[in-house]
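Asker: Task: produce atomic coordinates for the following.
(one chain, ligands or ions: 1)
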Amino acid sequence: MAEHVIVVGGGIIGASVAYHLAKAGARVTVLEKAAPASGASSKSFGWINAKAAQTRSYYKLRREAIYEYLRLCETMQMEAAVKWDGSLWWEDQGQALLDQATILEDYGYEAKVIDAARFSQMEPNVANPPAHCISGRIEGAADGAEMVRLLLAAASANGAYIVAGCAVHGLRREGGRIVGVDSNFGPMHGDRVVVATGAWSQDLLARSGVALPMDNKTGVIVHSLPVEPVIEHIIMSPDIHFRQDSSGRIIMGEIFSGGGLDESKSESPVDFAQKMLGRLKLRLPDVKGLVVDRVMVGKRPVPLDGMPAVGVPKDAPGLYVAVMHSGITLAPLIGRLVAQEISGGKPSALLADFRPTRFS
Ligand SMILES: Cc1cc2nc3c(=O)[nH]c(=O)nc-3n(C[C@H](O)[C@H](O)[C@H](O)COP(=O)(O)OP(=O)(O)OC[C@H]3O[C@@H](n4cnc5c(N)ncnc54)[C@H](O)[C@@H]3O)c2cc1C
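Answerer: A predicted model of the protein is given here:
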């Protein structure tokens, strides 16, 4: 086990890595430039799924991540953070939806196509049911900020130190090896440094000559004020996705490829929120009291090819990066695998296709 591990970034990935490392016996310090969960993790839709996978190996990683969540929910009190309600998905329709269902069936995913009548039985308050949609029974949703709080509390209980307001400016090298960081509190030594700084990772790593090209996307999530329970599932329609959290808030946004704000039209976050609320009201016409509570603008951390970047970059022993989209889905699994690898375990086959060395 490495003696002292510095984890840079207090989002869901850094929090999960810190928890698993501390539990395995490492001395862990988390350095967070603002407050924990101040990045994408608190502005996320929070859908936990393996559906959004372009390749079989990415599907396997995401599928294993769902299993890991379920295991974590058995060992930690996570009722306030995670709900397992399943999803109803028809972002694609017609033949494209059926093709997607065939791929998922081939993968062995717990999902099946249902028709409009079944949809209306499952979600009687949602208007205009689709002719067909895919019901993803094993899926859920997590509150990213609450996940960070729980994971960091569990890391602290295992001896980790969480330092908020500590910005890392660069990585320290000695004889080619990364041996710590330079921060606004001066240099700090670490036997290993884990960079989990989400959308900020490319710049931080570039300062030490490490390449991690990224194509981050602005994303916006809108929260309503709480209303009575009206929907059970995560609803993924072509023009809006929405779910209801345990406090009654409707959490809504656009599909990933939609990106969020339409910057080409200079769409403001308020315009976007009004557009989302209008679409929500069309889907839930009988629900009274739907008003916007808050608008959350975040940066989705996206490595250039869209896939996670997890591992030791080329020519940077001592360093480990863990940067990805779908971090809400992947965090519990990634945290465990990173801790295993840093603790001297054998490299995880699940991560083989997602090493940062592919960008070197
Ligand atoms: C609108 C939107 C919708 C999304 N929907 C989903 C979804 O449905 N399902 C899903 O799985 N994923 C989703 N994601 C993606 C998911 O939220 C992210 O992949 C995940 O939150 C990334 O976590 P992270 O810990 O890597 O980064 P972040 O949460 O961004 O945390 C990085 C942290 O590092 C800190 N930091 C940065 N630079 C430094 C520095 N130099 N020194 C110290 N600290 C630093 C930041 O302050 C921040 O707190 C969505 C994201 C957005 C924005």
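
Asker: Could you list the domains of this protein?
Answerer: 4-44+145-215+304-359, 87-137+218-299 (automatic domain parsing).

Asker: Mean neighbour count and distance to Y58 added to the ones you listed, as a markdown table?
Answerer: All C-beta spots, glycine's among them, are computed from the backbone N, C-alpha and C. Converted to a markdown table, the domains of the chain look like this (neighbours: other Cβ atoms under 10 Å; distance: least, Cβ to Cβ, whole Å):
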| stretch | mean neighbour count | distance to Y58 |
| --- | --- | --- |
| domain 4-44+145-215+304-359 | 21 | 6 |
| domain 87-137+218-299 | 17 | 11 |
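
Asker: could you dump the ones you listed to TSV with distance to R63 and mean pLDDT?
Answerer: Shown next, in TSV, are the domains of the chain (distance: least, Cβ to Cβ, whole Å; pLDDT from 0 to 100):
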stretch	distance to R63	mean pLDDT
domain 4-44+145-215+304-359	10	97
domain 87-137+218-299	7	93
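
Asker: Any idea which of the ones you listed gets closest to Q77?
Answerer: With Cβ to Cβ as the criterion, Q77 lies closest to domain 4-44+145-215+304-359 of these, at 7.8 Å.

Asker: Just the pLDDT at the spatially closest residue to S44 that is not a sequence neighbour, thanks.
Answerer: Nearest residue to S44, sequence neighbours excluded (Cβ to Cβ, 6 or more residues apart in numbering): G144, at 4.5 Å. What the model reports as pLDDT for G144 is 98.

Asker: wait, what's in contact with G144?
Answerer: For G144, the contact set (Cβ atoms under 8 Å, 6 or more residues apart in numbering) comprises G11, I12, A37, A40, S41, S42, K43, S44, G46, I328.

Asker: And the fourth one, its phi and psi?
Answerer: Recorded main-chain torsions at A40 are phi -60, psi -30, according to degrees, to the nearest 10.

Asker: That one against V297, yeah?
Answerer: No. At 10.3 Å, A40 and V297 do not qualify as touching, with contact defined as Cβ atoms under 8 Å.

Asker: Which neighbours do the two have in common?
Answerer: With Cβ under 8 Å, 6+ apart, A40 and V297 have common neighbours G219.

Asker: ok so, going back, nearest to the ligand, of the contacts of G144?
Answerer: Of all these, G11 has the smallest distance to the ligand: 2.1 Å, by Cβ to the nearest ligand atom.

Asker: check contacts around the closest one.
Answerer: G11 makes contact with P36, A37, S38, G39, A40, S41, G144, V148, A196, T197, G198, G327 under the criterion Cβ under 8 Å, 6+ apart.

Asker: Work out the gap between stretch 335-345 and the centre of the chain.
Answerer: Distance of stretch 335-345 from the chain centroid (Cα atoms, centre = their mean, to the nearest Å) equals 19 Å.

Asker: Excluding chain neighbours, what is closest to V287?
Answerer: Nearest to V287 is V230, by Cβ to Cβ, 6+ apart, at 5.1 Å.
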